[in-house]
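Novice: only geometry, no sequence info:
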């Protein structure tokens, strides 16, 4: 008698991944509602936050890499935010064509307002987890992200670790 295939959702790494996907969806939906009165979406707020972390400015490719997103999708949001006066482009001394993206004063104001809206929700998360528990979860997620990034960096476009055949 053959055994049924294992439940793919029973594996601890699968359960962790599923929870991360669900949390991401919840955060995006909540973020969209939270910052809508400011004329923002979660995507716009995320990009503003990524730019706010580096006051010198970043090229779009670096913003995308830091966020774990495709450069093209981040470029679209950057262009929208620039048209709305929340971001501006500056010359990049390290690259002729890849302009630095910086917050304008309006962008900084929008990011500060979004952060103020987020602050009570961030505080409420502490009712569900201790700062130490959150630090441990962040460390775990960072290790998993780095591990998966290392695996991904060594693969071809349609290759998976299971398909890989090293000589």
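Specialist: All right, it came through fine. Here the structure is a predicted model, which is why all the values come from computation and not from measurement.
Novice: how is the chain carved up into domains?
Specialist: Here the domain parsing of the chain from automatic domain parsing is 33-123, 126-157.
Novice: quick one: residue 74 and residue 64 touch, right?
Specialist: Yes: Residue 74 lies in contact with residue 64 (CB atoms under 8 Å); the separation is 4.0 Å. C-beta: built from backbone N, CA, C; applies to glycine.
Novice: Kindly list the longest strand within the protein.
Specialist: Ranked by residue count under DSSP state E, the longest strand found in the chain is strand 95-103.
Novice: Now do the helix or strand following it: distance to the chain's middle.
Specialist: The helix or strand immediately downstream of strand 95-103 is helix 105-125, counting by DSSP states H and E. Averaging C-alpha positions (CA atoms, centre = their mean, to the nearest Å) puts helix 105-125 17 Å from its chain's average.
Novice: dump the residue contacts of the residue nearest the centre of the chain.
Specialist: Centroid-nearest residue in the chain: residue 67, 3.6 Å away (criterion: CA atoms, centre = their mean). Neighbouring residues of residue 67 by CB atoms under 8 Å, 6 or more residues apart in numbering: 46, 47, 50, 74.
Novice: now the strand or helix carrying the last one against helix 105-125, angle please.
Specialist: To tie it back to what came earlier, the one meant is residue 74. Following DSSP H and E, one finds residue 74 within helix 71-83. With axes from the mean of the first three to the mean of the last three CA atoms, to 10 degrees as the basis, helix 71-83 and helix 105-125 are set at 120 degrees to each other.
Novice: Quick one: residues contacting residue 53.
Specialist: Residue 53 is in contact with residue 66, counting by CB under 8 Å, 6+ apart.
Novice: Each with direction, which strands does the next helix or strand after the helix holding residue 74 pair with?
Specialist: Note on helix 71-83: by DSSP H and E, the next helix or strand toward the C-terminus is strand 87-92. Strand 87-92 has the following strand partners under DSSP bridges: strand 95-103 (antiparallel).
Novice: what residues does the partner strand touch?
Specialist: 48, 51-52, 55-61, 63, 78, 82, 86-92, 111.
Novice: Can you say which of these are buried?
Specialist: Neighbour counting by 16 or more other CB atoms under 10 Å classes 48, 51-52, 57-60, 63, 78, 82, 86-89, 111 among those as buried.
Novice: shaky segments in the chain?
Specialist: Scanning the chain for pLDDT under 70 picks out 1, 156-167.
Novice: in the longest strand of the chain, what counts as buried?
Specialist: So, applying 16+ other CB under 10 Å, buried residues of strand 95-103: 99, 100, 101, 102, 103.
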